[in-house]
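Asks: For reference, the sequence and a predicted model appear below.
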Amino acid sequence: MLQLQVENLNVYYGAIHALQGISFTVDEGEIVTLIGANGAGKSTTLRTLSGLLRSRTGAITFKGEEISTRPAEKIVTMGMSHVPEGRKMFPFLSVRENLMMGAYTRSDPAEIQQTLDRVYKSFPRLRERSGQYGGTLSGGEQQMLATARGLMSKPSLLLLDEPSMGLSPILVEEIFRIIVEINKQGTSILLVEQNAQMALSIAQRAYVLETGRIVLSGSAKEIAENPQVKSAYLGV
Amino acid sequence: MPVSRDAIPSIPRLSVRRPPLAWVGWAFLILLALGVLWIIVSQGVKNPTLLAQNVLDGLKLGFVYALIALGYTMVYGIVKLINFAHGDVFMVGAFTSYFAVARFGLHKWPSLAFPGIGDGLSIVIGSISVIILSMVVCTLLAITIERVAYKPLRDAPRIAALITAIGVSFFLEYFGNLQFVYTARFIPYKSPFDTVAWYISGGIHRITAGVETPSNSVTFSNIFLIIMAASILVQILLQFIVRRTKIGMAMRASSFDKPTARLMGINVDRVISFTFAIGAAFAGLGGVLYAISYASITPILGIIPGLKAFVAAVLGGIGSIPGAFVGALIMGQAEVLTAGYISTPMRDAVAFTILIIVLLVKPTGIFGEPSGEKA
Amino acid sequence: MEITNLLLTVVKMVALVAWIYGLLWGLGRKPLWQKALTILLAFGIVQTAFLLKIGDNQVFTAFDQGLLFQACTMAMVAMGLNLIYGFNGQFSLAQWGFYGIGAYCAADITWRWNNGDPTGLLVVGIGVILGGIALMGVGRLLRLKRGVPVLSAFTFYLIAIVAAGLVAVLAGRALAPALTPLFGTSDVPGPLASAAMQQVVFGLSVICAGCFAAEVSFLFGLPVLTLGSDYFGIATLGFAIVVKTLLDNSDTLLPFPEMKGGRGMIGIPKLTTWIWAFVFLLAVIIIIRNFIRSSTGRATLSVREDEIAAKAMGINVAGSKLLAFVVGSFVAGLGGAVYAHYIGFLSPATFGFLPGFNPLIIVVFGGLGSMSGAIAASFGWVFFLEGFLRSLLGQLGTEAPTWRFVLYPLTLLLLMLLRPQGLLGTVEWGFMKADNFIKRLKGAPAGPAGSAPAEKGGA
């Protein structure tokens, strides 16, 4: 079932035309990945979807509702959660408080506790550090915290922006394992990655972004085997 | 696989070369501090009651500053704006209470509405309603200012909002100066309740007209007690709001990173308005108490207390609520002790001198958080 | 009649802004004779306007002339602040304090001179020179030991300057009796009391005032510039307030009974003429422009953009900030001195907290980082607020002029909401433009000259 539909999205930074009419969809229960080089517009896409940026034209339909003019905080309540690039956790809040921030839109304490327990199960390391300030965690732990926090709003669609950035290969694998696990629990995922190989290995479908345009789309397998993608992004 | 931190052999610390001649600066500061201390102690020993009285007066001033400083520190913490208009909101609080009491006799409403009510109760309820009215007016004013003057500039360079803050401040001061708003009649401020004072001299005695107060005694009044109680209560209340409530958490998150806070579903604009509102309410409370305590009001009444309070907030570490409180108490003491023992006109200068010295030693203020990582 | 007066004020304002444009444009011309001609013309036009009469009405009334002088001093102060804040990114509110210091310092020199007392000039003159030497000497010595903490350096500088001051006071007092007879008596004025000598002393006093302000700013800036931007702003605000407090009590806390504390200093000889105002304005324009367009100026700019990156490029960040601060304050001191001698009366209230924001407002209005904007905005601001609004509201009744300061913040608000980057943004006119340098690069024969050394370095 179609969950997110983006049609002909145009986003500008001042005079710069950052997204030039991109369209794509995310189905329920899917992992979709957007890959592309630096400056292709991947993060811009996510920021526009979650309402941090405004598109000039184009439509974003989420769960059958048009959301392109809604403020970010409203979109969160609809079940879209954006884990921003660069592990933007709150360094002066404890891990637990960080996670509770993720559940800001929800009010039932019992249900929040339930989600918290589930999140702790996926990220056991965070339970150990629950009293520590976010800023004192290591890079990998911070990424886990940001991802976990994104899950606290019980989203049906999780937007992940570069979860592998700046992490060691071992940690990257761990993060991706968790992403698949989250997906199996029924959350669709829109994954933006520079690490194309990793992203393509877990995604069902993929889109290739180049200077604000989608130049290729298809199943992750097809994309991974595309000779151009291979030479440009996979380094084969 | 995770590597435990303990497994890594401790890296030998790089031997940091101690900066040369650092002792000269410290010696300078210590000499300065000793000099000031010497003046205060030597004078204090000569007349301990005067010293005690000064400390008490300093506390009173400090508690008022604390009420204003909270607004500064919260607003700066969240929007990084030196809200120069905050001192004028404080002034409006004082003026509102003047109008309410002198023009409309609001403090008398309980005895008019319920004639049977006791005098004491009537005064208490009346005074509280005056204070609440001032707080409400200040809150509305601050929200209006925020909406009109600051919100449209949120994405503009920071200086633009600062200039409008100065503009709003000018506006309130000069508007207050217009003849139909303010005339010399205002100078004696009419308090909603009477001042009762006590002196301490072998026990606490009430000062009554006609009975001589011993010259060598410390006096204090009910206003001092009210200010102290209000200030401490507000402090606790605010700590509770910021630490324990959802909106407090939203405030802390927004002050750190607004876009990410929005991604959590926080309505950042509303949080900012709330911050302005709550700061203004406390400033309004402070304004009424200040006016009652010092019994005269002018349209520029807010400038110096506002500045002092801001300095107090910076001194304590801007963004930190206990910091603002401690900073305000230090400011109050510094001002009164300077006026008492060093030089009356220099009391405003001392505040800034202390600020500069403290910031040089600890750049983020006494309770300031380290500036975080620059990632 | 009144309406025409109002219109005339606006016309004069526009004409003056055009005059500035012309002056800067002319100064920006290459050939030297064109620059010289521009200066002469620019001076002459205003001088003629001062003298010109149409019928019985003077074109530039005494009131307008006052406004013009005020605008000139404001332009100096604003340009100094623009250097500190607009180009170096240090949010300073102390500018008004240095303006006050300059004004009182120069006024005291000429006042004393006028009353047959040369100590003012001698003490300040010697003090400024000795102080400068002392500061440089200590700086040289401190450089031998690298990494001396700011507070210690400050202590050394403080000791040096206090010593220099003491020597200057003693020397001044010792030398003064030798000069006093040359003033003659009121009946038979001596050579030092002549009008020409007065002009010379005035010129010297302005320069002394600027240097004095600069030295004070050095001492103050050294520790305070290490603070972060907003903290620096508050500390500088504190400085302005301390200066105001001291001026308020100049007869009790400071040993200057002639300044009369809060009552205001009277009897300052009104020596500022158009030629002085113009010369100093021109000097300031040239100093600031050449400073910013030099390599030191580019270092200053880079500090504004990113301190860490600038440090990584090998720029002495602290030194660069201090230099900009000192130059800016020097200029403010000059402005203050010129101001004191056209107004003839100094009151500490002029240097108070609220007017202290005016230079900041002007600089932001003109456009942060636009020198032309700062000058134009100074003229526009003075003529709008003091000229236009005052006479407009003067029409509406006696109480109305107090509304001036109610309307003023509203204008401020409106302008900020409509144009937060300032009127001129970062646009520069004529002389102020930076393009000469770039043109030179483009004109270089083999590719961009700027990148050549970098390539060599990389290879």
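Replies: Cool, got the structure. Just so you know, these numbers come straight off a predicted model, no measurement behind them.
Asks: Let me see the contact set for residue 151.
Replies: In the absence of a named chain, chain A is used. The neighbourhood of A:L151, defined by C-beta atoms under 8 Å, 6 or more residues apart in numbering or on different chains, consists of A:81, A:102, A:115, A:119, A:122, A:158, A:182, A:187. C-beta here means a position set from N, CA and C on the backbone, and glycine is covered the same way.
Asks: if you could check chain B rather than the one you did, that'd help
Replies: Taking C-beta under 8 Å, 6+ apart as the definition, contacts of B:K151 comprise B:269, B:272.
Asks: And C:I109, by the same measure?
Replies: Contact partners of C:I109, counting by C-beta under 8 Å, 6+ apart, are C:120-121, C:124, C:201, C:204-205, C:208-209.
Asks: quick one: which of those is nearest to chain A?
Replies: Sorting these by distance to chain A puts C:A209 at the head of the list, at 45.4 Å, by C-beta to the nearest C-beta.
Asks: What segments of the chain are helices?
Replies: Since you didn't name a chain, this refers to chain A. Counting by DSSP state H, one finds helices in chain A at the ranges A:42-49, A:72-77, A:95-102, A:109-122, A:124-128, A:139-151, A:169-184, A:196-202, A:220-225, A:227-229.
Asks: that answer is for a different chain, and I need it for chain B
Replies: Taking DSSP H as the test, the helices found in chain B are B:22-46, B:48-79, B:86-98, B:109-113, B:119-145, B:158-177, B:222-244, B:246-256, B:258-263, B:268-294, B:303-316, B:321-337, B:347-361.
Asks: Quick check: bridge partners of the residue nearest the centre of chain A?
Replies: Centroid-nearest residue in chain A, with C-alpha atoms, centre = their mean: A:L160, separated by 1.6 Å. Beta-bridge pairing for A:L160 (DSSP bridges): A:V83, A:L191.
Asks: where does the chain dip in pLDDT?
Replies: Assuming you mean chain A. Low-confidence regions of chain A, defined by pLDDT under 70, span residues A:235-236.
Asks: ah, no, chain C please
Replies: Scanning chain C for pLDDT under 70 picks out C:1-2, C:397-401, C:434-459.
Asks: Swap in 50 and give it another go.
Replies: Within chain C, the stretches with pLDDT under 50 are C:444-459.
Asks: What segments of it are strands?
Replies: Taking DSSP state E, the strands of chain C run over residues C:53-54, C:57-58.
Asks: what pairs with the first one, and is each one parallel or antiparallel?
Replies: According to DSSP bridges, the neighbouring strands of strand C:53-54, each with its direction, are strand C:57-58 (antiparallel).
Asks: Contact partners for the residue lying closest to C:G125 once chain neighbours are set aside?
Replies: Nearest non-adjacent residue to C:G125, counting by C-beta to C-beta, 6 or more residues apart in numbering or on different chains: C:C208, 5.6 Å away. Under the criterion of C-beta under 8 Å, 6+ apart, the neighbours of C:C208 are C:105-106, C:109, C:121, C:124-125, C:128.
Asks: same question, C:L37
Replies: So, once contact is read as C-beta under 8 Å, 6+ apart, C:L37 ends up touching C:G26.
Asks: What number of residues are in the vicinity of the residue nearest to C:I315 when sequence neighbours are not counted?
Replies: Counting by C-beta to C-beta, 6+ apart, C:A299 is the residue found nearest to C:I315 once chain neighbours are left out, at 4.6 Å. The number of residues packed near C:A299 is 20, by other C-beta atoms under 10 Å in any protein chain shown.
Asks: roughly how far apart are C:A299 and B:H107?
Replies: Between C:A299 and B:H107 the computed distance is 63 Å (C-beta to C-beta, to the nearest Å).
Asks: do B:A142 as well
Replies: Note on B:A142: its distance to B:H107, by C-beta to C-beta, is 24 Å.
Asks: do the same with C:L392
Replies: 43 Å.
Asks: of these two, who's got more company?
Replies: Residue environment comparison for C:L392 versus B:H107 gives the larger neighbour count to B:H107, 25 against 20, counting by other C-beta under 10 Å.
Asks: quick one, what contacts whichever residue of the stretch 201-350 of chain B sits closest to chain C?
Replies: With C-beta to the nearest C-beta as the measure, the residue in the stretch 201-350 of chain B that lies nearest chain C is B:A349; the distance is 4.2 Å. Contacts were defined as C-beta under 8 Å, 6+ apart; by that measure B:A349 touches C:238, C:241-242, C:245-246.
Asks: May I ask which of those has the most neighbours?
Replies: Within the contacts of B:A349, neighbour counts (other C-beta under 10 Å) peak at C:G238, which reaches 26 neighbours.
Asks: Name the nearest residue to it, sequence neighbours excluded.
Replies: Counting by C-beta to C-beta, 6+ apart, the residue nearest C:G238 is B:F352, at 2.6 Å.
Asks: shouldn't that neighbour be in contact with C:V243?
Replies: No: the criterion here is C-beta atoms under 8 Å, and B:F352 misses it with C:V243 at 10.9 Å.
Asks: Of these two, which one has the most company?
Replies: In this comparison of B:F352 against C:V243, neighbours counted by other C-beta under 10 Å, the higher total goes to C:V243 at 25 against 22.
Asks: now the closest residue to that one other than its chain neighbours: how far from B:G306?
Replies: Of all residues beyond its chain neighbours, the one nearest C:V243 is C:G97 (3.8 Å), with distances taken as C-beta to C-beta, 6+ apart. Between C:G97 and B:G306 the distance, using C-beta to C-beta, works out to 19 Å.
Asks: same question, A:V11
Replies: From A:V11 over to B:G306 the distance is 42 Å, taken as C-beta to C-beta.
Asks: Looking at those two, which one has more neighbours?
Replies: Taking A:V11 and B:G306 together and counting by other C-beta under 10 Å, B:G306 has the greater number of neighbours (26 against 23).
Asks: For the more buried one, which non-adjacent residue is spatially closest?
Replies: By the measure of C-beta to C-beta, 6+ apart, the closest residue to B:G306 outside its immediate chain neighbours is B:G87, 1.8 Å from it.
Asks: any idea of the pLDDT on the one you found?
Replies: Looking at B:G87, its pLDDT reads 92.
Asks: now do the one 5 residues further on
Replies: Taken from the predicted model, the pLDDT recorded for B:V92 is 93.
Asks: neighbours around it, how many?
Replies: Using other C-beta under 10 Å, B:V92 is surrounded by 25 other residues.
Asks: so it makes contact with B:V137?
Replies: Yes: here B:V92 reaches B:V137: they are 6.7 Å apart, a contact under C-beta under 8 Å.
Asks: interface residues of the stretch 101-250 of chain B facing chain C?
Replies: Residues of the stretch 101-250 of chain B lying close to chain C by C-beta under 8 Å from any C-beta of the partner chain are B:148-149, B:152-153, B:156-157, B:159-160, B:163-164, B:166-171, B:173-175, B:177-179.
Asks: Kindly write the PyMOL command that selects the buried subset of these.
Replies: Selecting only the buried members of these in PyMOL, with burial defined as 16 or more other C-beta atoms under 10 Å in any protein chain shown, works like this:
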select buried, chain B and resi 149+152+153+156+159+160+163+164+166+167+168+169+170+171+173+174+175+177
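Asks: In contact with the residue nearest the centre of chain C, which residues?
Replies: For chain C, the residue sitting closest to the mean C-alpha position, by C-alpha atoms, centre = their mean, is C:A332 at 2.5 Å. Residues near C:A332 by C-beta under 8 Å, 6+ apart: C:76-77, C:80-81, C:95-96, C:98-99, C:102, C:213, C:359.
Asks: ok, how many other residues are close to the nearest residue in space to it that is not next to it in sequence?
Replies: Ranked by C-beta to C-beta, 6+ apart and with sequence neighbours excluded, the top spatial neighbour of C:A332 is C:F98, at 4.0 Å. As a burial measure, the neighbour count of C:F98 was computed by other C-beta under 10 Å and equals 37.
Asks: One more: the one 10 residues further on?
Replies: Counted with other C-beta under 10 Å, the neighbours of C:D108 add up to 25.
Asks: That one touches C:K260, doesn't it?
Replies: No: shown here, C:D108 and C:K260 do not form a contact pair, counting by C-beta under 8 Å, at 11.4 Å.
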